[in-house]
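J.: Coordinates only, no sequence provided:
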């Protein structure tokens, strides 16, 4: 029998099944039945049933009789299952085959490979993003720990769903993961769902009032950062040890200031609100435009405008100029300790 494919299965499900049921009800079907003669609409489905062995004729007869599907199914399905097992085994062997060359690459001095590589987000041979494919490969190779910094903007439901599948598989094989978000991520339902999945498998997730741009570090050896501040279509892959060590140090300092994502302690949530308020004040004092300030806080411009409106109400100011003047006369800088009084 020839190799069956998805088109055959679609024909079987859409037309052949109904035809087979009619044949069973009628106790058989003649070869000259108008439904299955050459050129008839159901002829391809009839031919498929005959090829599968679900319809057969007695020697010298032109009437086709139905055959018990149980006796046919194993003959069709078993070879497919065997082929699937063979492909899985071959896939595993290819992974093993790549191990020596991957290890050789890791052992090579940095001078043997460019310490910085630029990736552009065009599609690869599978139709996937080239950057996504490259990162997926690094995730599969990662043995010890992944450090990630993820700004709130840009992680949609589809992206997070794919990341959840990839990251949970990594965590389940024993690789550790630490992730930093901005405080604003706590208000995102899809981010909360993602965090719940990965923390259940041992990942640690914290949030900060402000953080640097997107970054991923694999095994303290390879870092991936955006090519430009707002350009997610280009990625820079860094292998230079001194630069990677610097980025890891920046991450660790930020990590120490982070607050656990999964904690719902009332005191901690109050502190987060204080930190976001202080960050808004600093953005106003430094004179940043609303879109820039909103981006650094990880919120929408509309939400940021709401923060400013709350401050105007708090300081009884009608305009931003008045707000700045009042805060200035009171010595408010946005850098006070949560328990300090600016007038002290």
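T.: That came in fine, so what should we check first? What you see is a predicted model, and the numbers here were worked out from it, not measured in a lab.
J.: For this structure, which segments count as strands?
T.: Ranges of strands in the chain, per DSSP state E, are 29-30, 55-57, 63-66, 116-120, 145-149, 176-182, 204-208, 215-218, 222-228, 231-238, 259-260.
J.: Given the second one, what are its sheet partners and their directions?
T.: The reference is to strand 55-57. Paired strands of strand 55-57, with direction, are strand 63-66 (antiparallel) (DSSP bridges).
J.: ok, residues contacting the partner strand?
T.: If you take C-beta atoms under 8 Å, 6 or more residues apart in numbering as the criterion, strand 63-66 is touched by 20, 23-24, 27-31, 50, 54-58. Glycine gets a C-beta too; all of them are placed from N, C-alpha and C.
J.: nearest to residue 308, of the residues you listed?
T.: Proximity of the contacts of strand 63-66 to residue 308 (C-beta to C-beta) peaks at residue 20, which lies at 69.7 Å.
J.: Report the inter-axis angle for the longest helix anywhere in the chain versus strand 222-228.
T.: If you go by DSSP state H, the chain has its longest helix at helix 69-107. Interaxial angle, helix 69-107 versus strand 222-228 (axes from the mean of the first three to the mean of the last three C-alpha atoms, to 10 degrees): 90 degrees.
J.: Now do the buried residues in helix 69-107.
T.: For helix 69-107, a neighbour-count test (16 or more other C-beta atoms under 10 Å) marks residue 76 as buried.
J.: Provide a list of residues in contact with the spatially closest residue to residue 291 that is not a sequence neighbour.
T.: With C-beta to C-beta, 6 or more residues apart in numbering as the criterion, residue 291 has its nearest non-adjacent residue at 5.5 Å, and that residue is residue 301. Neighbouring residues of residue 301 by C-beta under 8 Å, 6+ apart: 290-291, 294.
J.: do the same with residue 27
T.: The contact partners of residue 27, taken as C-beta under 8 Å, 6+ apart, are residue 65.
J.: thinking again about what came up before, can you tell me how far the residue nearest to residue 291 is from residue 324?
T.: To residue 324, residue 301 is 19 Å away according to C-beta to C-beta, to the nearest Å.
J.: ok, now residue 233?
T.: Residue 233 sits 38 Å away from residue 324, going by C-beta to C-beta.
J.: Between those two, which has more neighbouring residues?
T.: Shown here are residue 233 and residue 324; by other C-beta atoms under 10 Å, residue 324 has more neighbours (17 against 14).
J.: Isn't the more buried one up against residue 285?
T.: Yes: using C-beta atoms under 8 Å, residue 324 is in contact with residue 285, at 7.1 Å.
J.: Report the buried residues of stretch 282-291.
T.: Under the neighbour-count criterion of 16+ other C-beta under 10 Å, stretch 282-291 has 282-284 buried.
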